[in-house]
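Student: no sequence for this one, just the structure:
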Ligand SMILES: Cc1cc2nc3c(=O)[nH]c(=O)nc-3n(C[C@H](O)[C@H](O)[C@H](O)COP(=O)(O)O)c2cc1C
C-alpha cells in the first residue's frame, strides 16, 4: 500500500515522495522575470522536503498574465532566471515543475494586495483581453473580446513554445493549467464558452482547444518526462462544467499523454457556492482516478500529515498538492515525516535539528 513518503514513478521520473508544492502566484515579477524572491520562496520549500516544487502559473503570452507581476515564459530571456531556481531545487534532491497558463478573461487584473479590478494601461495593464466568448467574469473584470480561430492557434503555439523553454530551463514536469476560470477552463465550460464554431457547443468541441494545447505541449515535452494537467472538476454551478465532463476530458487527455490530473475546482463562476472544508476536493481526485485509471493529485485544505497520508494510502490520489499550509510552514514535509514515523532526508546543514540530530557530539553553541 502506497503512503505519503513512498516514491512514485511516472514515465522515467522518480518522485521522492507524494508531496507537491502547489503552484502559487507570487505577483512579484517585472516583465515576467523571476527573481530572488522566487528563488528563496521556492528554494525554501525544496529545502523543506517536498517531492516536487511547482513554479506558479506562468504566462505563455504577455496578455495571458493575470496581473502585470506574473511569471512569464513567453520569451527566451525568461529561461535563465528560472534555470537558476531549478538548479537550486535539484540540489536539494527535489523535482521542479512549472505550471503553464493563460488567464483568458481574467487577465490584466490587480494583484490581490493592490485592490480589485482591471489594471489600466498607464499602470501596466493591457487592452488585449480575450476569451472564448465576449462574456465578462464579473463586473470589475475586463470585458474580453471573442477569440478568432487564428487567436486560438496562436495560444496553442505559445503553450508549446513555453514548454520548450521549460525544458531548456531544466524542469522535470510541466503542468497545463486548465482550471480556476482561466482560458482553457473558459473553453471547457458552457457557462463561459458560447461559441457556435468548431470550438464551442457540444462537449467534444468545447474540449477541442484544451486538447489541442495538450497535444502541442506533448509534442515538445520529451517522452521520458511526465505531463500534468490541472482541472477544475466542477464549476459548482448548474449548467456548468462538472465531474462527468471532467472524466471524459481526462480519458482523452490521457490518450494524448497526460500522466497525472491535478483535481481542483471552481473559479469560473463568481457567485458559485463552494462547500469549502478539509479535503473538500479530494473526492474529485478519487472519482477521476477510479473512472479513468489515470493517476491523480488531490488539492484543497490538506493540512494534516495523517490526512495527507490517508489520501495516498486509501488510493484516493497518487499525490497531494499543498498550498497555504506550505506557506505557513515550508518544512511541513519534514515535520510530517516525523509525525508519521517515516524517513525523510534532512539537508546536511540542518541535520542537528533533525530526528537523528547529533546534539551530543556537537553541543548547541558550537
Ligand atoms: C497565494 C496563492 C496563489 C495561488 N496561485 C495559484 C496558481 O498560480 N495556479 C494554480 O493553479 N493555483 C493557484 N492557487 C491555488 C492553490 O494552488 C491551491 O489549489 C489552493 O490554494 C487550495 O489548496 P490549499 O488549501 O492547500 O491552499 C494559489 C493559491 C494561493 C494561496
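Tutor: Nice, I can see it. Owing to the predicted nature of the structure, the values given are computational and were not obtained by experimental measurement. Numbering: from 1, shown residues only.

Student: show me where pLDDT drops low in the stretch 251-366 of the chain?
Tutor: For the stretch 251-366 of the chain, the stretches with pLDDT under 70 are 358-366.

Student: Can you pull the residues of it lying near the ligand?
Tutor: The stretch 251-366 of the chain comes close to the ligand at residues 264, 299, 300, 301, 302, 322, 323, 324, 325, as judged by Cβ under 6 Å from any ligand atom. (C-beta placed from N, C-alpha, C; glycine too.)

Student: Is it correct that the third one is in contact with residue 279?
Tutor: Yes - contact status for residue 300 versus residue 279: in contact at 6.8 Å, counting by Cβ atoms under 8 Å.

Student: my guess is residue 231 contacts residue 263, does it?
Tutor: Yes - counting by Cβ under 8 Å, residue 263 is a contact partner of residue 231 at 6.5 Å.

Student: Next, show the common contact partners of those two.
Tutor: residue 246 (Cβ atoms under 8 Å, 6 or more residues apart in numbering).

Student: Give me the distance between the residue nearest to residue 330 when sequence neighbours are not counted and residue 311.
Tutor: Leaving aside its sequence neighbours, residue 330 sits nearest to residue 48 (Cβ to Cβ, 6 or more residues apart in numbering; 3.9 Å). Between residue 48 and residue 311 the distance is 19 Å, computed by Cβ to Cβ, to the nearest Å.

Student: same deal with residue 260?
Tutor: 14 Å.

Student: Between those two, which is the more surrounded one?
Tutor: residue 260 (26 against 23; other Cβ atoms under 10 Å).

Student: In contact with the more buried one: list those residues for me.
Tutor: 10, 226, 228, 229, 294, 295, 296, 297, 318, 319.

Student: The third one touches residue 257, doesn't it?
Tutor: No - under the criterion of Cβ under 8 Å, residue 228 lies out of contact with residue 257, with a separation of 11.0 Å.

Student: Looking at these two, which one has more neighbours?
Tutor: Between residue 228 and residue 257, residue 228 has the larger neighbour count (other Cβ under 10 Å), namely 24 against 16.

Student: how close does residue 51 get to residue 14?
Tutor: Distance from residue 51 to residue 14, by Cβ to Cβ: 9 Å.

Student: returning to that earlier point: among the contacts of residue 260, which one lies nearest to the ligand?
Tutor: residue 297 (9.8 Å; Cβ to the nearest ligand atom).

Student: how about the residues of the stretch 101-250 of the chain near the ligand?
Tutor: Contact residues (Cβ under 6 Å from any ligand atom) of the stretch 101-250 of the chain with the ligand: 177, 179, 180, 230.

Student: And for residue 273, nearest residue in space, chain neighbours not counted?
Tutor: Distances taken as Cβ to Cβ, 6+ apart place residue 236 nearest to residue 273, at 6.5 Å, with adjacent residues excluded.

Student: got the contact list for that neighbour?
Tutor: Contacts of residue 236 (Cβ under 8 Å, 6+ apart): 265, 266, 269, 272, 273, 274.

Student: farthest pair in those residues?
Tutor: Maximum pairwise distance in the contacts of residue 236, criterion Cβ to Cβ, is 12.0 Å, between 265 and 273.

Student: Looking at the two, which is more packed in?
Tutor: Set residue 265 next to residue 273 and count neighbours by other Cβ under 10 Å: residue 265 wins out with 26 against 9.

Student: For the chain, which segments count as strands?
Tutor: 8-10, 13-15, 19-21, 52-59, 71-72, 95-101, 130-131, 145-146, 173-178, 227-232, 260-264, 296-299, 319-322 (DSSP state E).

Student: hang on, the earlier thing: which of the contacts of residue 260 has the most neighbours?
Tutor: In the contacts of residue 260, the most neighbours by other Cβ under 10 Å go to residue 229, 28 neighbours.

Student: quick one: contacts for residue 14?
Tutor: 7, 8.

Student: want to throw the residues of the stretch 101-250 of the chain next to the ligand into TSV with pLDDT and neighbour count?
Tutor: Listed next are these as TSV, based on pLDDT from 0 to 100; neighbours: other Cβ atoms under 10 Å:
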residue	pLDDT	neighbour count
177	99	28
179	98	28
180	98	20
230	99	27
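
Student: and which of those residues is nearest to residue 245?
Tutor: Of all those, residue 179 has the smallest distance to residue 245: 13.4 Å, by Cβ to Cβ.
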